[in-house]
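# Build the 3D model from these lines:
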Amino acid sequence: MPHQFVALKPWLYAAITLVIWSGFVVVSRVGGQSVLTPYDIVALRVGTSALLLIPWWMPQLVIPARRRWKLGQGVFLAVVAGFAYPLVVYTGFVFAPASHGAVLTSGMLPFFTSILALIMLGERPGRRRQLGLFLILVGVGTLLLSSQSGHSHQSGHVLLGDLILLLASFLWALFTVLLRYWRIPAFDVTLAVAGLAALMYLPFYAFILPKHLGQAPLQSIVLQAFFQGVLVVCVAMWTYARATELLGTVRMVILMSTVPLIGTFLAILLLGEHPSLGTMFGAGLTGLGALLGSLAARNVLEPKAITP
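You can find the predicted model right below:
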């Protein structure tokens, strides 16, 4: 029984991440349609997570001997995953519906990650995984084409949001590959991102960036702070990093590409969205491609040694 539990632990980490990520697109869309700006939501995210994790990240920052990451690595990860990715993705959700975000942010991860993993880790996709990636590409392409249908003004805004969400997907793919390239333990990654992102972003937000926190209802602030700061950073970032360590980079991101199906369903159920036929078809193809890819994904090559 213990051996079976150990074998299932990586999939448990992946499942927790999957549930939170699927809810992420819905909560982020709610924030994007509220009076809160993307800058506000990022501040709530990094501020809440840094406050909760301060007993762990502060000693690592003050005492270099306790770090398991180099300062340059921590700063780069904090910039990419700590505030650049959320700022981009929250901006995308101002224009694009949650169903599009579910498909694009997770659906394109296998492509961006496969390219970066090939360059940095030497991982080459097999034929079945290539078929899965092809289906995901067709699904995402179908969604992008459907974004241009309807009224030109509205479709132009949605297409802009879609392109912004694609950039967010690339940023998370970069973060994902760097997890294995630098071989930083999952919990240490979470601490570096939470602490350093807060130290870099919050002063800039406080003195320069526009703020609408004073105009937002309390329940909106609490929702974003709890979900984005506690669940996404303190829980999902660790489970994602841990699952990546145990399952492998490409396998993990392809598995997480099932988010389009779940996220689209949640957008319909909770937000009352009415995705177009193209969006539904694209989400279905992306989910099928994710399933094929996750069944076939296998890390044949180990990551290259760190060369700072």
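
# need the helix or strand of this protein with the lowest average pLDDT.
helix 249-255 (a mean of 69; mean pLDDT, DSSP states H and E).

# tell me which strands and helices the helix or strand following that one is in contact with?
With elements assigned by DSSP states H and E, the helix or strand that comes after helix 249-255 is helix 259-271. Secondary-structure packing of helix 259-271 (3 or more Cβ pairs under 8 Å, 6 or more residues apart in numbering; DSSP states H and E): helix 2-32, helix 98-107, helix 277-296. (C-beta placed from N, C-alpha, C; glycine too.)

# Could you say which of those is packed most deeply?
helix 98-107 (a mean of 31; mean count of other Cβ atoms under 10 Å).

# Which other helices and strands does that one contact?
helix 2-32, helix 85-95, helix 127-147, helix 152-182, helix 259-271, helix 277-296.

# Could I get the average pLDDT for stretch 113-123?
Mean pLDDT, stretch 113-123: 83.

# let's number from 9 now, not from 1
Sounds good: first residue 9 from here, last item stretch 121-131.

# buried residues in it?
Thr121, Ser122, Leu124, Ala125, Met128, Leu129, Glu131 (16 or more other Cβ atoms under 10 Å).

# Next: stretch 170-189.
170, 172-189.

# for that stretch, the distance to its chain's centre please.
Centre-to-centre, stretch 170-189 and its host chain are 7 Å apart (Cα atoms, centre = their mean, to the nearest Å).

# re the thing from before, quick one: the helices and strands packed on helix 106-115 as a markdown table, columns for mean pLDDT and distance to Ala249 too.
Formatted as a markdown table, the helices and strands packed on helix 106-115 follow (pLDDT from 0 to 100; distance: least, Cβ to Cβ, whole Å):
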| stretch | mean pLDDT | distance to Ala249 |
| --- | --- | --- |
| helix 10-40 | 84 | 9 |
| helix 93-103 | 94 | 14 |
| helix 135-155 | 83 | 22 |
| helix 160-190 | 84 | 6 |
| helix 267-279 | 86 | 17 |
| helix 285-304 | 77 | 18 |
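
# now the ones you listed as a markdown table including distance to Leu226?
Output for the helices and strands packed on helix 106-115, formatted as a markdown table (distance: least, Cβ to Cβ, whole Å):
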| stretch | distance to Leu226 |
| --- | --- |
| helix 10-40 | 14 |
| helix 93-103 | 20 |
| helix 135-155 | 34 |
| helix 160-190 | 27 |
| helix 267-279 | 20 |
| helix 285-304 | 33 |
